[in-house]
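**Student:** compute the structure for the input listed below.
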Amino acid sequence: MQWLLLLCALVLMAMLRRVAPLAPVEARATVSLGLLLFAAYVGGGIAQRSRLHLPRIVGYLLVGFVAGSGWLGLIRADEGQALSPIANGALALIASAAGCELDVRSLVLRGERRGAMLRMMTRGMAIPFALVTLVVLTVSPWFPITAHQPFRDCIALALVLGAMAAIVSPTTTLALVTDIGAEGTLARTMVDLTSVQAVAGVLLLIVILAIVQPLATGGTVTPGIAIRGVLLLFGSIAAGAAVGLTAAQYLRVLRERYVEWVLLIAAFIVAQTARLIQLDPVLVALAAGVTLRNVDPREGDRLRGELKRCAVPVYVVFFALAGSGLDLDALATMWPWALLLVGLRIHGLRWGARWAGGELAQYGWLALISQGGLAITLAALLRRAFPESNVSLEALLVAMIGMHQIAGPVCFQWALRRTGEVPERERNERDVPKTALAIGGGNSGM
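**Tutor:** Take a look at the predicted model:
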């Protein structure tokens, strides 16, 4: 029955594309969004109840990819552009929730936990960076982006690709932990670790851009691109801190029933404002959440509770729209190289975790595989940094991000199951959508 509902939703989207090709883009986008969210919600239930027990957020992604321009093309490019503010607002909500999970004072006071996270972060960044850089430099005569380039330019591109291997996604990590109801040391620690490593990864990329500009030949790297990166990072953090301080003041006077509406409105305003002034919504919302949690813990806990209450619809909106925007065209010509770089990054994360040792060594690295909105922002920055590479560098990075975005939640969910942080009975009772249970009632055994 769920498969039938999913098929009907996709058929209706196809009919809309045929019947109203000349309708205003806002009208088409609105109807497409409604059908896409319904299809994604049903697809998430199918993924979670399948034999593979995929995370629901992966189901949302896959349905969005099938309906989007990457496959069936049921959502046009102009419709996706019109819906981007909604996706950015949902992403800001998830990032702010991830920031609210990070208690800086507890992290500073607990030296043992701080040391374990620091070792995991530094070595989990160093090994993928070194591995990807060395291999790209070794195969540079055959690598499509570096072929026929001077050796100095090959070094610059190799260093940049290595720095991108250190980027992680705190939003996807938190979304998975919340969606499957994971509770335990691994889940809490990796949410905190990915939040800190996201900022450290951007800082590493900025340092690399500052190094490669004088290293590469003239005209290869856009002058002043490292300054843009600094403004992106510290401007986003400063703006997020201001938003967090403002939110702490307003939440004290807001009534309980108005909090959710204010959160939704604020998320969209913050996300769109950040885009307009060329900041990153993930970093802004992440900094806002961290500031609120540590300046006013009571209101931070209140905000966390409100965000958990609206988590499922927010996840459906963001991951369905993110899936519809996945562009894997670069894989048609560069799929062996993309698979090579993805494999190198994953093995680098694993070896870095083993080198770090401790309780996170066995499974913690699986939480670092995911990449998301922050990595896409940095890919666009690198396109401006290397104008001679045209769109090939950004296209390769976006394709790799899409692969990480799908594989990461699957791997981390497996790790959480292995550590016993998602008991099977509790997961079945809490995570299956009630509508999915109702649809699958009767003799279906669902």
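
**Student:** spit out the contact partners of the spatially most central residue of the chain.
**Tutor:** Centroid-nearest residue in the chain, with Cα atoms, centre = their mean: G372, separated by 2.5 Å. Shown in contact with G372 (Cβ atoms under 8 Å, 6 or more residues apart in numbering): 91, 169, 171-172, 282, 322, 401, 405. Where you see a C-beta, it was placed from the backbone N, CA and C, and this is true even at glycine.

**Student:** quick check: domain ranges of this structure?
**Tutor:** Taking automatic domain parsing as the reference, the chain has its domains at 2-83+432-444, 92-421.

**Student:** mind checking the end-to-end distance for the longest one?
**Tutor:** Terminal residues of domain 92-421 lie 27 Å apart, using Cα to Cα, to the nearest Å.

**Student:** average pLDDT across it?
**Tutor:** Predicted confidence along domain 92-421 averages 87 (mean pLDDT).

**Student:** now that domain: how far from the chain's centre is it?
**Tutor:** Here the centre of domain 92-421 is set off from its chain's centre by 6 Å, with Cα atoms, centre = their mean, to the nearest Å.

**Student:** ditto for the first one
**Tutor:** On the basis of Cα atoms, centre = their mean, domain 2-83+432-444 is displaced by 20 Å from the centre of the chain it belongs to.

**Student:** helices of the stretch 301-446 of the chain, start to end?
**Tutor:** All helices of the stretch 301-446 of the chain, identified by DSSP state H, counting those that start in this stretch, fall at 311-324, 331-356, 373-385, 392-418, 424-431, 434-439.

**Student:** of these, which stretch is the most buried?
**Tutor:** Per-stretch averages of neighbours, counted by mean count of other Cβ atoms under 10 Å, single out helix 311-324 among the helices of the stretch 301-446 of the chain, with a mean of 25.

**Student:** export it as CSV, just CAs?
**Tutor:** Provided in CSV are the C-alpha atoms of helix 311-324 (Å, rounded to 0.1, in the frame of the first residue of the first chain):
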residue,chain,number,x,y,z
ALA,A,311,11.8,17.5,14.0
VAL,A,312,10.1,15.1,11.7
PRO,A,313,8.4,17.6,9.4
VAL,A,314,11.6,19.7,9.3
TYR,A,315,13.6,16.6,8.3
VAL,A,316,11.1,15.7,5.6
VAL,A,317,11.3,19.2,4.1
PHE,A,318,15.0,19.5,4.2
PHE,A,319,16.1,16.1,3.0
ALA,A,320,13.4,15.8,0.3
LEU,A,321,14.4,19.1,-1.1
ALA,A,322,18.1,18.3,-0.7
GLY,A,323,17.6,15.1,-2.6
SER,A,324,15.7,16.9,-5.4
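
**Student:** what packs against it?
**Tutor:** If contacts are counted by 3 or more Cβ pairs under 8 Å, 6 or more residues apart in numbering; DSSP states H and E, helix 311-324 sits against helix 25-49, helix 56-67, helix 77-100, helix 170-180.

**Student:** got the angle between that helix and helix 170-180?
**Tutor:** Counting by axes from the mean of the first three to the mean of the last three Cα atoms, to 10 degrees, helix 311-324 points 130 degrees away from the direction of helix 170-180.

**Student:** for stretch 364-372, list every residue counted as buried.
**Tutor:** Residues of stretch 364-372 classed as buried by neighbour count (16 or more other Cβ atoms under 10 Å): 364-372.

**Student:** and what of stretch 80-89?
**Tutor:** 80, 82-84, 86-89.

**Student:** return the distance of A239 relative to L233.
**Tutor:** According to Cβ to Cβ, to the nearest Å, A239 and L233 sit 11 Å apart.

**Student:** whoops, S392 was the one
**Tutor:** Applying Cβ to Cβ, the value for S392 to L233 is 26 Å.

**Student:** one more: F319?
**Tutor:** Relative to L233, F319 is positioned 26 Å away (Cβ to Cβ).

**Student:** please apply the same query to G372.
**Tutor:** Separation of G372 from L233 (Cβ to Cβ) stands at 17 Å.

**Student:** just name the most buried of the domains of the chain.
**Tutor:** domain 92-421 (a mean of 20).

**Student:** contacting residues for H347?
**Tutor:** Contacts for H347 were tallied using Cβ under 8 Å, 6+ apart; they are L131.

**Student:** surely E394 meets L381?
**Tutor:** No - between E394 and L381 there is no contact under Cβ atoms under 8 Å: 9.3 Å.

**Student:** out of the contacts of G372, who's nearest M117?
**Tutor:** For the contacts of G372, the minimum distance to M117 (Cβ to Cβ) is 16.9 Å, reached by S169.

**Student:** is it true that the closest one touches G201?
**Tutor:** No - counting by Cβ under 8 Å, S169 stays clear of G201, with 10.1 Å between them.

**Student:** show me the contacts for the nearest residue in space to the residue nearest to the centre of the chain that is not next to it in sequence.
**Tutor:** Take G372 and drop its neighbours on the chain: the residue closest to it by Cβ to Cβ, 6 or more residues apart in numbering is S169, 3.7 Å away. For S169, the contact set (Cβ under 8 Å, 6+ apart) comprises 194, 198, 370-375, 404-405, 408.

**Student:** swap in P409?
**Tutor:** 55, 57-58, 172, 175-176, 370.

**Student:** tell me the one among those residues nearest to F129.
**Tutor:** Lowest distance from F129 to the contacts of P409 (Cβ to Cβ) belongs to S370, with 17.4 Å.

**Student:** the closest one and L61, how far apart?
**Tutor:** Separation of S370 from L61 (Cβ to Cβ): 11 Å.

**Student:** find residues that contact each of the two.
**Tutor:** Shared contacts of S370 and L61 (Cβ under 8 Å, 6+ apart): Q405.

**Student:** backbone phi and psi for P223, please?
**Tutor:** As for P223, its main-chain torsions (degrees, to the nearest 10) stand at phi -60, psi 140.

**Student:** hang on, it packs against A216?
**Tutor:** No - contact criterion Cβ under 8 Å: P223 and A216 do not qualify, at 11.2 Å.

**Student:** show me the longest helix that occurs in the protein.
**Tutor:** Scanning the chain for the helix with the most residues, using DSSP state H, yields helix 185-215.

**Student:** okay, stretch 48-57 in PDB with CA atoms only?
**Tutor:** Extracted in PDB, the C-alpha atoms of stretch 48-57 (Å, rounded to 0.1, in the frame of the first residue of the first chain):
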ATOM      1  CA  GLN A  48      12.800   2.300   7.500                       C
ATOM      2  CA  ARG A  49      10.600  -0.800   7.300                       C
ATOM      3  CA  SER A  50      12.600  -2.500   4.500                       C
ATOM      4  CA  ARG A  51      14.900  -5.400   5.000                       C
ATOM      5  CA  LEU A  52      17.900  -3.100   5.000                       C
ATOM      6  CA  HIS A  53      16.400  -0.900   7.700                       C
ATOM      7  CA  LEU A  54      17.600   2.300   6.100                       C
ATOM      8  CA  PRO A  55      17.300   5.500   8.000                       C
ATOM      9  CA  ARG A  56      14.100   7.500   7.200                       C
ATOM     10  CA  ILE A  57      16.200  10.500   6.200                       C
END
